[in-house]
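**Student:** next come a sequence and a model predicted from it.
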Amino acid sequence: MEQFTDIFADLKSPDTSVRFAALQRIEEIGLSPEQQTLLSRIMESERNSNLRFQMQKIIAGISIGKEKLRGDDIVSLINIPGRDEMKLALMLESVKKNNASEVRDALRLSNWTKFSSKLIPSVLKFFKKHGDKTDSDNIAAMFKYSDMRVITSAIEALERLNPELLKKHLVALLVNPNLGIRARAIRLISIWDPPEAMRHFEQLLFSSSKEEKNVALFQSFFFPFPQIESLMLRFISLENDQELIKKAAVVFMANPDKQIPIKLMEIRQTCQGVKHTLIDAIMKGVLDSLFKAGIVNVEPEKMLEMLERHFKEKQIKLFVEHFASGLRSSDPEVRLKSALKLLDAVRAEIPGVRELLEKYCEKEPEKMVREKILSLLHFKKDDEVSTKKDYFSLEENERLQILSEVDKDTFEEIVYPLKENISKISMQELALVIKNIKKFGTSSDGAFVEKCLQSSNAEILIEAIDCLSVIKPDTLHILLPNLINHRFDEVKIEAIKVFARFDKKQAISLLEKALLSIKPATRRSAIFCLGQFDFSSVGKILFAAIKREADPENLQNIISIIKSNPDEDIFYSAYFEAKNINNPKRDYFEALYPELCKQLTTQIGKTEKELYAAAEEKVKEERQSLAQKSSYKLEKIQKMREQNEKKVFWDESLIKFTVFAYTIGTILTLVIWFGFMRP
């Protein structure tokens with residue numbers, strides 16, 4: 001029943017190709033009496049006469065039933081000039097193999113290419129079943145029609161009878177004015193050139209036109225899901241239109257896969273409001289489908305708990321790896337900031353971080369940095385500290401201890417007095433004050449945090465932006481344009497990260513630009529920020545950055561993010577790059593793909609042998625695609641479409657109107673001149 005709900009929804013699509021495809025599906029599966037009634041109602045509002053004819057044919061075919069037809073009856077009807085087109089259409093679609101030859105001969109002699117556009121699709125459907133290669137040229141001639149039903153039926157017939165001839169018409173189909181025909185042609189490309197088909201599909205799916213996105217989503221059902229999985233994940237991650245997200249959700253629920261829920265969870269974490277709710281519903285729907293299909297034997301609720309725990313652990317791992325990388329910097333200030341960030345992880349009792357800092361301090365060359373970190377790292381907790389009344393009489397380490405242990409019960413008592421004495425506390429204390437406001441404060445604390453945005457300290461600005469994004473996002477939204485253009489690069493990056501909650505696509509675009517900065521520190525901040533996004537939306541960007549990045553520390557950070565997100569498509573891309581002897585970063589890719597392969601074997605259930613065999617096939621396909629100078633390449637087709645759009649088309653009525661208007665204008669000019677203005 002759910003299947004018919006989707007089909008009847010497609011019958012209301014503004015795109016004729018979608019409505020036609022829905023009618024084709026109805027013809028294949030049939031209708032119940034109630035569904036016939038519904039189709040009759042839809043037919044009344046159908047404006048396209050040829051689609052209405054097809055609806056009438058479906059209803060009439062059900063009413064007539066399966067009659068035994070004689071070949072000579074059909075031949076007679078073919079040869080009658082004023083034939084009943086509906087009757088002939090129904091007969092042609094009911095021809096059995098034993099009658100096919102005489103009907104085929106009659107059609108060939110009848111000059112069927114001159115039949116009406118209502119009847120031709122039924123003729124083409126007949127040839128698809130019972131024709132042969134000799135019918136190919138006449139079928140190909142149908143591509144000159146403007147009727148989408150005729151063209152689609154001709155494509156389907158040639159796809160079976162003569163695919164090589166169809167290939168010669170690909171360019172014409174790809175620049176056809178009808179969007180549905182262009183989308184159908186993209187599916188055809190995958191027969192000969194799967195990588196190029198994906199490039200066309202990606203361009204359609206991420207178009208700025210909602211109509212093109214709708215058509216791409218409809219076509220997505222016809223591609224193998226593994227082929228489009230990463231594109232579909234990126235689509236729902238970046239798309240904000242609720243209707244389109246819901247349509248994409250159907251694709252995921254129809255193709256339940258064990259790896260999808262964790263990827264959807266990552267997307268959900270970077271969304272807010274209605275979109276957060278939508279992605280959450282999709283994720284739970286996929287979990288339910290997995291459980292019902294027996295793919296997983298853990299109930300959806302428990303599976304969700306496991307995924308949330310896994311996601312949290314992964315985020316902590318990336319946090320530690322990023323700042324641990326900062327400890328290797330040649331800049332003492334960067335090392336100190338990184339160590340202070342890791343001290344937060346120590347206070348949160350994250351395993352292994354204390355030992356990491358202790359080893360780092362053994363090798364830290366700067367005495368000031370080393371002593372600062374060691375004093376904070378080995379500061380012994382004093383249970384009586386919190387009972388002392390005069391906060392300002394305490395040592396800095398004691399103050400930091402108090403601020404790091406604030407909870408919802410002690411928040412107001414400890415933090416609010418400090419808001420009034422901001423000049424008496426250190427920058428590190430102020431940063432902890434703002435962090436506590438983020439955890440336990442309300443929008444009423446927003447004015448204080450907003451004042452902190454006037455600070456000249458980058459760390460304070462970053463904490464203030466992060467805090468306002470939680471307690472007063474509307475206020476922050478107004479301030480973001482200025483913050484994105486701030487003089488401190490790290491502040492820009494933090495502002496962009498928050499901006500992503502309002503416009504993720506634009507935020508990622510800004511981070512892509514930051515990756516091109518000449519400053520390694522700016523690129524490092526952008527890399528870390530991209531690592532906070534779901535990998536589906538940024539994986540390709542990070543992978544491409546490996547080829548450009550010259551800083552070893554930044555390269556290591558990128559690779560750490562990729563390793564933390566083992567992805568089958570990225571594995572194939574790394575394998576392809578490793579096999580490219582002209583790639584200057586070949587060594588990095590050669591080290592990366594075996595590690596990804598090992599991780600994938602435990603996650604997706606494929607053996608290393610299977611993954612490497614698939615990778616070899618992908619390399620072969622990609623090289624063939626790149627070597628081909630085909631006229632259907634995306635770049636060439638885009639140029640042809642642009643040229644077609646620039647052309648001015650004149651129809652007869654427009655020419656008549658122009659001539660008439662020009663004539664009237666000339667007469668009026670002469671009347672005015674001779675009647676009023678002549679000297």
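**Tutor:** Looks like it came in fine. What you see is a predicted model; the values in this text were computed from it and never measured. Residues are numbered from 1 along each chain as shown.
**Student:** count of neighbours near S423?
**Tutor:** 5 (other CB atoms under 10 Å). C-beta coordinates here come from the backbone N, C-alpha and C atoms, glycine included.
**Student:** next: A254.
**Tutor:** 12.
**Student:** surely it is in contact with F221?
**Tutor:** Yes. Taking CB atoms under 8 Å as the definition, A254 is a contact partner of F221 at 7.5 Å.
**Student:** domain-wise, how is this protein divided?
**Tutor:** 2-220, 224-297, 648-679 (automatic domain parsing).
**Student:** ok now the first one, how far from the chain's centre?
**Tutor:** Once both centres are worked out by CA atoms, centre = their mean, to the nearest Å, domain 2-220 turns out to sit 30 Å from its chain's centre.
**Student:** and the gap between K408 and N436?
**Tutor:** 10 Å (CB to CB, to the nearest Å).
**Student:** give me the more crowded residue out of these two.
**Tutor:** Applying other CB under 10 Å to K408 and N436 shows that N436 carries more neighbours, namely 22 against 9.
**Student:** tell me the contacts of A550?
**Tutor:** The contact partners of A550, taken as CB atoms under 8 Å, 6 or more residues apart in numbering, number zero.
**Student:** contacting residues around K519?
**Tutor:** D489.
**Student:** go through stretch 7-19 and flag the buried ones.
**Tutor:** I7, D10, L11, S13, D15, T16, S17, V18, R19 (16 or more other CB atoms under 10 Å).
**Student:** state the pair within those residues that is farthest apart.
**Tutor:** Farthest pair in those (CB to CB) is I7 and T16. Separation: 15.5 Å.
**Student:** coming back round to it: can you list the domains of the chain in JSON lines and add mean pLDDT?
**Tutor:** What follows is the domains of the chain, written out as JSON lines (pLDDT from 0 to 100):
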{"stretch": "domain 2-220", "mean pLDDT": "87"}
{"stretch": "domain 224-297", "mean pLDDT": "91"}
{"stretch": "domain 648-679", "mean pLDDT": "47"}
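**Student:** make a markdown table out of these and add distance to V369.
**Tutor:** Formatted as a markdown table, those follow (distance: least, CB to CB, whole Å):
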| stretch | distance to V369 |
| --- | --- |
| domain 2-220 | 46 |
| domain 224-297 | 34 |
| domain 648-679 | 70 |
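**Student:** looking at those, which is nearest to F311?
**Tutor:** domain 224-297 (5.4 Å).
**Student:** out of the domains of the chain, which comes closest to S537?
**Tutor:** Nearest of those (CB to CB): domain 224-297, 4.1 Å.
**Student:** quick one, what contacts Q56?
**Tutor:** Q56 neighbours (CB under 8 Å, 6+ apart): M43, M86.
**Student:** which helix or strand contains it?
**Tutor:** If you go by DSSP states H and E, Q56 is part of helix 49-64.
**Student:** do the same with E590
**Tutor:** With DSSP H and E as the criterion, the answer for E590 is helix 586-603.
**Student:** give me the mean pLDDT for that helix.
**Tutor:** Mean pLDDT, helix 586-603: 92.
**Student:** which other residues reach it?
**Tutor:** For helix 586-603, using CB under 8 Å, 6+ apart, the contacting residues are 258-259, 546, 555, 559, 562-563, 566-568, 570-571, 574-575, 577-578, 580, 583, 606-608, 611-612, 615.
**Student:** and those, which are buried?
**Tutor:** Buried, going by 16+ other CB under 10 Å: 259, 546, 555, 559, 562, 566-568, 570-571, 574-575, 577-578, 583, 611-612, 615, out of the contacts of helix 586-603.
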